[in-house]
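Novice: Generate a structure from the sequence data that follows.
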Amino acid sequence: MIEALERVVDDLAVVNSKLLLLIGAPNSGKSDLLRQLAGRRKLHILNIGAALGRELLTIPSPRRHLQAADLLKGLADEFSREGLLLMDNLELLFDQELKLSPLDLLRRHSQARRVVAAWPGTLTDNRLSYATTGHPEYQDYSCDGVVPFRVN
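Specialist: Numbering: from 1, shown residues only. Below you'll find the predicted structure:
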């Protein structure tokens, strides 16, 4: 599967959509596949939960939503190498207090570089979702501008 992923990542350089989402059930191997890709490309993975969480702790709670996107941009610039950014543990981006649109953020980052991220939700009928309907963090998006890569 890693060979197929590497081919798709290389192809991202010549297509409009430079955002590739690894999609699979929990424990399907998304993070492991991302680690394999990182090892082959000699890159580090941006662990959003750990890195962004650490940065946000230095900011007073009422102001975090104002700075979260800028902090993420700084981290993305730091972790990006050779026009490629690998991201995992995105769940923090869905925190309601941060008032972010996670997929829109990923799309913005993919305008400057290829982005490969482990999506913590599902893909059904060309719709990406996170959490379940009625859950406070529920999000639903069109798959436009995204290259989905299913991990089984």
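Novice: can you give me the strands for the chain?
Specialist: Using DSSP state E, the strands of the chain run over 19-23, 45-47, 84-88, 114-118, 122-124, 127-130, 139-142, 147-150.
Novice: Quick check, H65 in contact with Q96.
Specialist: No - look at H65 against Q96 with CB atoms under 8 Å: they stay out of range, at 9.4 Å. All C-beta spots, glycine's among them, are computed from the backbone N, C-alpha and C.
Novice: More neighbours: which of the two?
Specialist: Legend: neighbour count by other CB atoms under 10 Å for H65 and Q96, higher for H65 (16 against 9).
Novice: so what pLDDT did the more buried one get?
Specialist: Listed pLDDT for H65 reads 97.
Novice: Tell me who's in contact with it.
Specialist: Residues in contact with H65 (CB atoms under 8 Å, 6 or more residues apart in numbering) are E97, L98, K99, L100.
Novice: repeat for V147
Specialist: Contacts of V147 by CB under 8 Å, 6+ apart are V8, L12, V15, S17, L19, L20, L21.
Novice: Then L92?
Specialist: With CB under 8 Å, 6+ apart, L92 has these contacts: I48, G49, L52, G53, L98.
Novice: Of those residues, just say which sits nearest to D77.
Specialist: L52 (13.3 Å; CB to CB).
Novice: tell me the contacts of the closest residue to S61 other than its chain neighbours?
Specialist: Leaving out its chain neighbours, the residue that sits closest to S61 by CB to CB, 6 or more residues apart in numbering is E97, at 7.5 Å. Neighbouring residues of E97 by CB under 8 Å, 6+ apart: S61, R64, H65.
Novice: ok, E97 to A25 distance?
Specialist: 27 Å (CB to CB, to the nearest Å).
Novice: And for V146?
Specialist: Taken as CB to CB, the span from V146 to A25 is 18 Å.
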